[in-house]
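Asks: structure, please.
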Amino acid sequence: MDINKLANPHVAAMSAYVPGMQPTEPGWVKLNTNELPYAPSPKVIEVIQAELANDAVSLRLYPNPNSAPLREAVAKHHHLNFDQVLIGNGADDVLNLLCRTFASAEKSIGMTVPSYSLYQVLAAAQGAQMENIEFDRSMELPQNAIKSCPANLFFLTNPNAPTGKSFSNDEIRKAANGFSGIFVVDETYAPFAEENAVGLLSEIPNLVIVRSFSKAFGLAGLRVGYALSSPGIIDLLDRVRDSYNVDRLAQAAALAAISHSYYYEDIANHVRDLRDRMEAWYRELGWFVYKSSANFHFVEPLNFNGESGLEVSKSLFEHLHEQKILVRSFPKHALTKSFLRISLGSESEMETLKGAIKSWQKTL
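Replies: Take a look at the predicted model:
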C-alpha cells in the first residue's frame, strides 16, 4: 500500500520544517537556535516545584482550558483587555492557528524573504499558495510590494530573522494600512529591540502581534506563545484552538515569568550590551554584520584574502562544528548563503567562539 496516496495531495507533496540541531550529548556551545543562555526566574522554578509537590498529584487534572490566569496576566502586561489575548503552545502554535483561520487553497499567504521558514511549511500544510516578497541586501522594508500583495494573510518578522534588522512602527503602519488582509507582526525577538508594535493595535484593525516565551523569558523547553489583536480576530483564532492546548507546567511557569518581568529586563539589558560588544568585534575583523535588534548576529565572514561567499561561510561553519560550536547557515538563498547566524550566548561562550574564529583564521 502506498500510504502517500491516502494523504491529502498537498500534504504528501510538502517537506517538514527542519529546526536547528539539538545535540543530545553534553559539551556543545549552542549558538544556533537563539535560546536564552541563562536560567529562568527563581519564581518559575518555585511554581513548577509546587505543581510537582505531593507526588505530582496535580498532573492528573487537566490544565485551565484557555489558560485564563496567564491570559489575564499577559493582557495586564501589555495594557490590553483579556479578550485581546490568545495563549498558544509556543508561538508556532499561534502561527498555525492563524493559517487554519485565514489561509486555504483559495486564500494565499504572504511573507518577506528571508524570514522564518516555518511560514512556508504552514502554508503548504494548509494547501495555500505562498506570495514571497524578497528583500535586497539593504533589508529596507518593501512597503509598496507588501501593500499590493494579494495574500489574505501576511507574516512580517520584526526584528527580522535571520538578519536581526528591525523595522520602525512608522514603516509597519504604512505597510499594514495598505494591506487588505490579516497583517501579522511576529515579534518573537521584540523584547531585545528598542520598539514594538503593540501600540499600533488600537489604530490598525487587521493587525495581529505574535510573541513567544522561548527567547527573552528562557522557556523554550516549555512551549508558550501568544497572540495580541482585536477581540474579533482573537475569537476566530480561539474557535480552531485545540482544547487544553497549553499544559499545566507551561501555564504556571509562563505566569510566574511574566509576573516577574523585571528579572528578565536586567537579562535583556545584558544581552543588548553583549550584542553591541560582539558587533564591534565582528566589525574589527572587517566582516559585514547587520545591525541587530535581536539576540543574535548575522555575519558575513571573510577569508585571508578578504573574500566572502558560500565556500567561506561553509568553511567557518564546519570549523566551528569541529570545535563543538553550533551556529546556523542558510546556504539555499542568494542573500543569505555567505552569512552565518550566531546567537548571543553567555560571556564565556562568546569568548570560546572568538577563540574558535581566530583559530579558523590561522588555518586559511
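Asks: from now on I want contacts and neighbour counts done on CA atoms only, so please keep to that.
Replies: Will do.
Asks: all strands for this protein, in order.
Replies: 29-30, 85-88, 109-113, 130-134, 153-157, 182-186, 207-212, 225-228, 288-289, 296-300, 325-326, 328-329, 340-343 (DSSP state E).
Asks: so which residues make contact with the third one?
Replies: Judged by Cα atoms under 8 Å, 6 or more residues apart in numbering, the contacts made with strand 109-113 from elsewhere in the structure are 103, 119, 123, 128-135, 149, 151-156.
Asks: pull out the buried residues from these.
Replies: Buried by 16 or more other Cα atoms under 10 Å: 103, 119, 123, 128-134, 149, 151-156, out of the contacts of strand 109-113.
Asks: dump the strands of the chain into CSV; add distance to residue 56 and mean pLDDT as well.
Replies: CSV is the format used below for the strands of the chain (distance: least, Cα to Cα, whole Å; pLDDT from 0 to 100):
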stretch, distance to residue 56, mean pLDDT
strand 29-30, 32, 97
strand 85-88, 24, 98
strand 109-113, 43, 98
strand 130-134, 45, 97
strand 153-157, 39, 98
strand 182-186, 35, 98
strand 207-212, 27, 98
strand 225-228, 25, 98
strand 288-289, 48, 98
strand 296-300, 37, 98
strand 325-326, 36, 98
strand 328-329, 38, 96
strand 340-343, 35, 98
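Asks: among those strands, which is the most enclosed?
Replies: A comparison of those by mean neighbour count, using mean count of other Cα atoms under 10 Å, puts strand 85-88 on top with a mean of 28.
Asks: just to revisit the earlier point, output the strands of the chain in TSV, with distance to residue 167 appended to each entry.
Replies: Listed next are those as TSV, based on distance: least, Cα to Cα, whole Å:
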stretch	distance to residue 167
strand 29-30	28
strand 85-88	23
strand 109-113	13
strand 130-134	15
strand 153-157	9
strand 182-186	10
strand 207-212	14
strand 225-228	19
strand 288-289	17
strand 296-300	16
strand 325-326	28
strand 328-329	23
strand 340-343	19
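Asks: correct me, but residue 163 touches residue 293?
Replies: No: between residue 163 and residue 293 there is no contact under Cα atoms under 8 Å: 9.1 Å.
Asks: before we move on, back to that, and the strands of the chain: which comes nearest residue 260?
Replies: Checking the strands of the chain against residue 260 by Cα to Cα gives strand 207-212 as the closest, at 15.7 Å.
Asks: which outside residues touch the closest one?
Replies: 90-91, 94-95, 176, 182-190, 197-198, 200-201, 224-230.
Asks: sheet partners, orientation included, of it?
Replies: strand 182-186 (parallel), strand 225-228 (antiparallel) (DSSP bridges).
Asks: now that strand - C-alpha only, PDB.
Replies: The C-alpha trace of strand 207-212 is given here as PDB (Å, rounded to 0.1, in the frame of the first residue of the first chain):
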ATOM      1  CA  LEU A 207      -3.100  43.700  12.900                       C
ATOM      2  CA  VAL A 208      -2.000  40.600  14.900                       C
ATOM      3  CA  ILE A 209       1.100  40.500  17.100                       C
ATOM      4  CA  VAL A 210       2.700  37.200  17.900                       C
ATOM      5  CA  ARG A 211       5.000  36.800  20.900                       C
ATOM      6  CA  SER A 212       7.000  33.900  22.500                       C
END
